[in-house]
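Student: Below are the sequence and a predicted model; questions follow.
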Amino acid sequence: MRLPSINTLRRVAVPLAFGGNSEQQHTYFAELHRVGMVTQLLGIIAYSLTWLMMPEPYHPNQTHAVLALLGMLTSLIVRSRCTTLPVLTITGACAVLTLTFGLRTMADAVHHASFWVLPVGVFMTLAIASIFNGGLSYLAVVAGVWWNVGHGLYPVNAGLPDESWAPLMIAVSVLFGLALNVSFSLLRLRNYHSKVELTRLAFQDGLTGLNNRRMFTQRAQQMHGAPHGGMLYFLMIDIDDFKVINDQQGHDAGDEVLVRTAAIIADKAQGHLCGRLGGEEFGVVYAGDREAVRAFAGTLVEAVSQGFLAAQFVSISVGVAELDRGKDLGHSYRLADEALYLAKRQGKNRYVIA
């Protein structure tokens, strides 16, 4: 059986322990925000009902009870307005710890704290597993929960046969809670990687790795619509006699030509938008003046023709047109297509500027 690599283990273990990188945290934020808000509201309701249902002779320490409620309400308000996952984690921890502090206050008031804090602690340990992303933050909050509910009470029934039951229940609940937390974190991590892959498939050409037509056009429109941008030129690039390559050498050879041509275009167009428009056509949006784009187009034509000499001769034709911000993007595309057609008629392996 093939064991996972160190990099794979690190890629999974780090998010599970620390909550993931900034991009992952941004993705998780919306889900954790909703879950946390609902959980905190339920906690406040449960705490308030517990307080209201306490019989007349048993009154909790009013100062402690009010402070706990104010802490929960404050953390809820801050949580509702926060925009980052670290702040979300901190407010969630404050909410959980103030809630357990308040429940311990209630348990002390009925003089049976050692009986009640055990189910309360177990319930809280399991209930908060879904609202913390990252095992370390979860374990830190759980440690605070058990200190809040259990300080001064344990060991319970020292010297009796059931003395070990309480620490056993605590340990088991923490392990179950951690397993739940890891399971939720794994689901988020898998969803994140699935979304990344779907985004890549939606906007990246599967064969060449360049931007696909959809992404290229979207970004070209953004550049074209920028009010204070510099001069832009659109280069429409076509591999000469590509159908002949496919017919004579097969589609695998054709795919190899596409991949190598794309690599050359990407290398020469660094810093400029490039993509595959479909079939054997590629596009580049070049930011620069007319002389600069002329030199770039010439370099591109030469680089492709030189890049295949060892095995076969492959060339490209390029049509160049300025992106006129006063007209729609399609107008510049048509001019570039006409220039490309002219380059083909003039003998291919060349560029023409409209």
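Tutor: Ah, there it is. Treat the numbers as computed from the prediction; the structure is a model and nothing was measured.
Student: Give me the buried positions along the one helix or strand residue 257 maps to.
Tutor: Per DSSP states H and E, residue 257 falls inside helix 251-268. Using 16 or more other Cβ atoms under 10 Å as the test for burial, helix 251-268 gives 254, 257-258, 260-262, 264-266, 268. (Each C-beta comes from the backbone N, C-alpha and C, glycine too.)
Student: Beyond it, next helix or strand please.
Tutor: Next along from helix 251-268, by DSSP H and E: strand 273-278.
Student: quick one: that following strand to chain centroid distance?
Tutor: 25 Å (Cα atoms, centre = their mean, to the nearest Å).
Student: ok, residues contacting that strand?
Tutor: Strand 273-278 has contacts (Cβ atoms under 8 Å, 6 or more residues apart in numbering) with 205, 207-208, 210-213, 215-216, 219-220, 223, 236, 258, 262, 265-266, 282-285.
Student: any idea of the angle that strand forms with helix 251-268?
Tutor: Here strand 273-278 runs at an angle of 160 degrees relative to helix 251-268 (axes from the mean of the first three to the mean of the last three Cα atoms, to 10 degrees).
Student: Partner strands of the helix or strand following strand 273-278 and their direction?
Tutor: Downstream of strand 273-278, the first helix or strand assigned by DSSP H and E is strand 281-287. Sheet pairing here is set by DSSP bridges, and for strand 281-287 it gives strand 232-239 (antiparallel), strand 273-278 (antiparallel).
Student: out of these, deepest packed?
Tutor: Mean neighbour count (mean count of other Cβ atoms under 10 Å) peaks for strand 232-239 among those, with a mean of 24.
Student: any idea which helix or strand carries residue 342?
Tutor: helix 329-345.
Student: Can you name the element that comes right after that helix?
Tutor: Per DSSP H and E, the first helix or strand lying C-terminal to helix 329-345 is strand 351-353.
Student: which residues touch that next one?
Tutor: By Cβ under 8 Å, 6+ apart, strand 351-353 touches 235, 290, 293-294, 297-298, 300-301, 317-321, 339-340, 342-343, 346.
Student: re the thing from before, from the contacts of strand 273-278, list just the buried residues.
Tutor: Going by neighbour count (16+ other Cβ under 10 Å), the contacts of strand 273-278 have 205, 208, 210-212, 215-216, 220, 223, 236, 258, 262, 265-266, 282-285 buried.
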